[in-house]
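J.: sequence first, predicted coordinates after that:
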Number of protein chains: 2
Amino acid sequence: MERNVEELIKIVIIEDNHYMREGWATILDFEEDFVVLDAFESCEEAFESEAISKTNIVLMDIELPGMSGIEGVKYLQKEHPDLPVIMATVFDDDKNVFDALCAGAVGYLMKKVSPEDLKQAIRDAHDGGSPMTPNIARKVIKTFHAPSEDEEGEQLNERELEILEELAKGKSYAAIGEVVYLSVNGVRYHIRNIYRKLQVHSRSEAVSKGISRRLIHPNNS
Amino acid sequence: MERNVEELIKIVIIEDNHYMREGWATILDFEEDFVVLDAFESCEEAFESEAISKTNIVLMDIELPGMSGIEGVKYLQKEHPDLPVIMATVFDDDKNVFDALCAGAVGYLMKKVSPEDLKQAIRDAHDGGSPMTPNIARKVIKTFHAPSEDEEGEQLNERELEILEELAKGKSYAAIGEVVYLSVNGVRYHIRNIYRKLQVHSRSEAVSKGISRRLIHPNNS
DNA sequence: AATAAAACTACATGAGTATGTGGTGCGCAG
DNA sequence: CTGCGCACCACATACTCATGTAGTTTTATT
């Protein structure tokens, strides 16, 4: 069977450990629909190569000599915004995970993944998915869950949430009153309660806390 | 082989479509390590049953008669906080996905998933993972990516970011001045620039926009 | 029907904020 | 050295906000 390079998933590997690098390259290149364009031991080398602008996928370690994986992702995100980067590392602490994802990585794997899962992850990423090892996925999902449970203070009711959302938009009390059909004083009454329940003493603090507790979604207006 | 119920993954299904419900139940119950405790066509029925307090996993549709899946997850999150709920629906729009995840679902699947993937998803969820179909995962990951690059207006510099963070904490100009070693008027100067660059006209708007653009991280203080 | 709690209105006051105008010093390109 | 832009300081003014106190209406409970 002839290999038509256009139909293959082209991969670039950046990993400083020699054995890991060669191991991945061998495993992946063996697949019929994959081709490993090149494998580098640092971001600097990779970014100077031609391979980086031809590849479909980058598989990258997070701890690298010189430019770190996080910085590497940021760079790639800027220069090649649509190039999916999968981080694969031994670290699963929150900071590394979220820094990598915030920097622009589309997936995050533990190095201990099986070759089968690795291949699947690359196919997922290439198809617009976001491969993650299950416990990483749970970490990510947890950031969406309301802290709840501990019942920290009182919960905001419907009306208060509505008003809190308007507060986040920077509206004046009068403007909020028009939206929720209340007098300025009615708005004030609720805002006082919001402040008490959230234990804050200013508008911006309430917004900040409201967002961090996921009571309201920041408005990408 | 004798089935020891303690070693099995116990499942409750909530799905109003009769064929889907029976189909899932049959497929899952056929697995050696799964047992479908019961299958309901509404949240109300399920929550009144004994099965709900014995199960390890809930597999739930999002569009249900009576209480919706979202409300259902919220309820379960409150009454059985450690019970993992997997949403399985035909909808993959942002609102449904994020509402479900925010409400407390640990996974989100499209109904078209293969039986194999469904089984794997349930095992993942039971092992503390968060199963998602690839395009859902990408949606989720995207929320971490900085909007970046589009260069919407000007970017904030180091000093401005520092001050914006203090603004989010609700500090007064004077208090901020002490932190960043500036006079009140110096602080004002930067805040003016922040407002201009973010195109806002109030503190809370700046905080809100700063967080949504991921310029600052909300403080879980 | 009586009572309590919650939702809302009203008014007042001091503090904090948004915004404009203008001033000083500093580094840098012409 | 001169003009330009940037970071910073100063002052003024109108407005918004945080907070207290107090009264009224609505709603739920008994």
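T.: Alright, I've got the coordinates. Residues are numbered from 1 along each chain as shown, chains lettered A, B, ... in the order given.
J.: could you use CA atoms for every contact and neighbour count after this?
T.: Noted.
J.: name the SS class of the residue nearest the centre of chain A, please.
T.: Among the residues of chain A, the one closest to the centroid is A:L101, at 3.2 Å (C-alpha atoms, centre = their mean). Following DSSP: H, G, I helix; E, B strand; the rest coil, A:L101 is assigned to helix.
J.: what's the first-to-last distance across stretch A:102-117?
T.: Terminal residues of stretch A:102-117 are spaced 23 Å apart (C-alpha to C-alpha, to the nearest Å).
J.: that one near chain B anywhere?
T.: Yes: looking at stretch A:102-117 against chain B by C-alpha under 8 Å from any C-alpha of the partner chain, the contacts come from A:C102, A:A103, A:G104, A:V106.
J.: need the residues of chain A near DNA strand D, please.
T.: A:170-174, A:188-189, A:191-192, A:195, A:200-204 (C-alpha under 7 Å from any atom of the strand).
J.: out of those, who's the most crowded?
T.: Neighbour tally across those (other C-alpha atoms under 10 Å in any protein chain shown): the maximum, 25 neighbours, falls on A:S204.
J.: which ones are touching the closest residue to that one other than its chain neighbours?
T.: Using C-alpha to C-alpha, 6 or more residues apart in numbering or on different chains and skipping the chain neighbours, the partner closest in space to A:S204 is B:S204 (4.3 Å). Residues in contact with B:S204 (C-alpha atoms under 8 Å, 6 or more residues apart in numbering or on different chains) are A:L167, A:A168, A:K169, A:G170, A:R203, A:S204, A:E205, A:V207, B:A168.
J.: out of the residues of chain A next to DNA strand D, which comes closest to A:D117?
T.: Distance to A:D117, by C-alpha to C-alpha, is smallest for A:S204 among the residues of chain A next to DNA strand D, at 45.0 Å.
J.: please write out the alpha-carbon positions of the helix or strand where that closest one lies in CSV.
T.: Using DSSP states H and E, A:S204 falls within helix A:203-212. Extracted in CSV, the C-alpha atoms of helix A:203-212 (Å, rounded to 0.1, in the frame of the first residue of the first chain):
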residue,chain,number,x,y,z
ARG,A,203,-19.8,45.6,44.1
SER,A,204,-16.6,44.4,42.4
GLU,A,205,-15.9,41.9,45.3
ALA,A,206,-19.4,40.5,44.8
VAL,A,207,-18.8,40.1,41.1
SER,A,208,-15.5,38.5,41.7
LYS,A,209,-16.8,36.1,44.3
GLY,A,210,-19.9,35.4,42.3
ILE,A,211,-17.9,34.3,39.4
SER,A,212,-15.4,32.2,41.3
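J.: how about that helix and DNA strand C, touching?
T.: No: applying C-alpha under 7 Å from any atom of the strand, one finds helix A:203-212 out of contact with DNA strand C, separated by at least 8.5 Å.
J.: what's the longest helix in chain A?
T.: The longest helix of chain A (DSSP state H) is helix A:184-198.
J.: any idea where the strands of chain A begin and end?
T.: For chain A, applying DSSP state E gives strands covering A:9-14, A:34-40, A:57-60, A:85-89, A:107-110.
J.: looking at these, which is closest to B:E41?
T.: strand A:107-110 (35.8 Å).
J.: can you give the contact residues for that closest one?
T.: A:85-92, A:97, A:101, A:125, A:130-133, A:136.
J.: ok, the closest residue to A:E41 other than its chain neighbours to DNA strand D distance?
T.: Nearest non-adjacent residue to A:E41, counting by C-alpha to C-alpha, 6+ apart: A:D16, 4.1 Å away. A:D16 sits 38 Å away from DNA strand D when distances are taken as C-alpha to the nearest atom of the strand, to the nearest Å.
J.: next up, phi/psi of A:D16, please.
T.: phi -80, psi -30 (degrees, to the nearest 10).
J.: now do it against chain B, distance only.
T.: Distance, A:D16 to chain B, using C-alpha to the nearest C-alpha, to the nearest Å: 26 Å.
J.: now swap in A:V85 and tell me
T.: 12 Å.
J.: which residues does that residue contact?
T.: A:V85 touches A:I57, A:V58, A:L59, A:M60, A:V73, A:G104, A:A105, A:V106, A:G107, counting by C-alpha under 8 Å, 6+ apart.
J.: hmm, back to that, now flag whichever of the contacts of strand A:107-110 is closest to chain B.
T.: The nearest member of these to chain B, counting by C-alpha to the nearest C-alpha, is A:S130 at 4.8 Å.
J.: hmm, B:I141 and that closest one touching each other?
T.: Yes: using C-alpha atoms under 8 Å, A:S130 is in contact with B:I141, at 7.1 Å.
J.: and these two? which has more neighbours close in?
T.: Between A:S130 and B:I141, counted using other C-alpha under 10 Å, A:S130 has the larger neighbour count: 30 against 23.
J.: what's the pLDDT at the more buried one?
T.: Reported pLDDT at A:S130 in the predicted model: 92.
J.: for chain A, which residues score under the pLDDT cut-off?
T.: A:1-6, A:146-154, A:219-221 (pLDDT under 70).
J.: and the residue of it nearest DNA strand C?
T.: At 3.1 Å from DNA strand C, A:G186 is the closest residue in chain A, using C-alpha to the nearest atom of the strand.
J.: the residue nearest to A:E41 contacts A:S42, correct?
T.: Yes: counting by C-alpha under 8 Å, A:D16 does reach A:S42; the two are 6.3 Å apart.
J.: who touches both of these two?
T.: In contact with both A:D16 and A:S42: A:L64, A:P65, using C-alpha under 8 Å, 6+ apart.
J.: who has more neighbours out of those two?
T.: Comparing A:D16 with A:S42 by other C-alpha under 10 Å, the one with more neighbours is A:S42, at 22 against 19.
J.: tell me which residues touch the more buried one, please.
T.: A:I14, A:E15, A:D16, A:L64, A:P65, A:G66, A:M67.
J.: who's the first one bridged to?
T.: Read that as A:I14. Beta-bridge partners recorded for A:I14 (DSSP bridges): A:F40, A:M60.
J.: this completes my enquiry, with thanks.
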